[in-house]
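Colleague: could you work out the structure for the sequence below:
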Amino acid sequence: MDAPLHESQLTACGIRTRVLQGGVNLRATEAVVFVHGNPGSGADWGDLMRRLAPHGRVVAVDMPGFGKADKPADYPYSVEGGATFLGEALKQLGISRAHLVLHDFGGPWGLMWTAMSPLSVGSLTLINTGVLLGFRWHTMARIWRTPILGELQQWLTHRAGFKWALRQGSPRGLPDAFLDRMYDDFDAGTRRAVLKLYRATSEPGPRAELLAKLLRPHPWPTLVVWGTADPYLPVTLAERQKEVFAKAKVVLLPSSGHFPFADDPEGVAQAVVPFLAQQLSHAHHP
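Modeller: The predicted model follows:
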């Protein structure tokens, strides 16, 4: 629980970013790789990383435009851009086999990379994300995708409003420290990145059908964890992951919302830690 995390930096695809790592062997070629969503950062995963560090190498990076990563205006903020960045970052870290833990927009990024590099993936853990079959953009995404309206919404977002909005998606409430850290990173560069990212991404449903075709042939061990009160990605999407991942096990967390690792860390850990400890015990050592 108290295993320390080490912070460093790397540069991939021209983006300098923060890396958090833990584990006995920080050079292991097999690792649990955590990919945050919008508007998070690698720091979202601190608790889970510390719990898993005794079992193997754990890694989280801040994706371009988020957290402590560079946030240039001319970067291609897109699903494809994020997947390419993730692949380059893993090469820099010497990771050839990844057990992916994905949340929110980490799903599109991580699963696109998975489709491009299926032999490099050991398992998948999907937390309120996945292949979004039949899904249409939620209201906030539609606002972000609308020119001027999206900019206005971002400009008007202040700390109290930000914290209030995120708590609406969590019946248990979210810790102040978690929300304050997230808002502190939510600067002009991140707000711009969010708008560009959503505007570069087409309606999820049709994209999901193509992604599903690419992923279905691969029998990865898959764990799906879903906070049932998520107002953005409805819980009906959790069971639909079985249509893509034949080995998927689904764990539903009642009274948890879109950020279950923050509002129910024990519930998430009880599901995720044994699953990933088992995957790491089968590690393929070179």
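Colleague: from now on I want contacts and neighbour counts done on CA atoms only, so please keep to that.
Modeller: Fine.
Colleague: pLDDT weak spots in the stretch 1-150 of the chain?
Modeller: The stretch 1-150 of the chain contains residues with pLDDT under 70 at 1-2, 139.
Colleague: now find how far off-centre stretch 173-180 is within its chain.
Modeller: 18 Å (Cα atoms, centre = their mean, to the nearest Å).
Colleague: got the buried residues for that stretch?
Modeller: Using 16 or more other Cα atoms under 10 Å as the test for burial, stretch 173-180 gives 173-174, 179.
Colleague: for Phe135, what is the enclosing helix or strand?
Modeller: Using DSSP states H and E, Phe135 maps to neither a helix nor a strand.
Colleague: skipping adjacent residues, who's closest to it in space?
Modeller: Excluding its sequence neighbours, the residue lying closest to Phe135 (Cα to Cα, 6 or more residues apart in numbering) is Gly205, at 5.1 Å.
Colleague: hmm, Leu211 and that neighbour touching each other?
Modeller: No. In this structure Gly205 lies outside contact range of Leu211 using Cα atoms under 8 Å: 9.9 Å.
Colleague: higher neighbour count, the two?
Modeller: Legend: neighbour count by other Cα atoms under 10 Å for Gly205 and Leu211, higher for Leu211 (20 against 16).
Colleague: okay, the helix or strand hosting the more buried one in CSV with CA atoms only?
Modeller: Element membership for Leu211, per DSSP H and E: helix 204-215. Provided in CSV are the C-alpha atoms of helix 204-215 (Å, rounded to 0.1, in the frame of the first residue of the first chain):
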residue,chain,number,x,y,z
PRO,A,204,-18.4,6.9,-31.2
GLY,A,205,-20.8,4.2,-32.5
PRO,A,206,-19.5,3.7,-36.1
ARG,A,207,-15.9,3.9,-34.9
ALA,A,208,-16.7,1.3,-32.3
GLU,A,209,-17.9,-1.2,-34.9
LEU,A,210,-14.6,-1.0,-36.8
LEU,A,211,-12.6,-1.2,-33.6
ALA,A,212,-14.6,-4.2,-32.5
LYS,A,213,-13.8,-6.1,-35.7
LEU,A,214,-10.1,-5.5,-35.1
LEU,A,215,-10.2,-6.6,-31.4
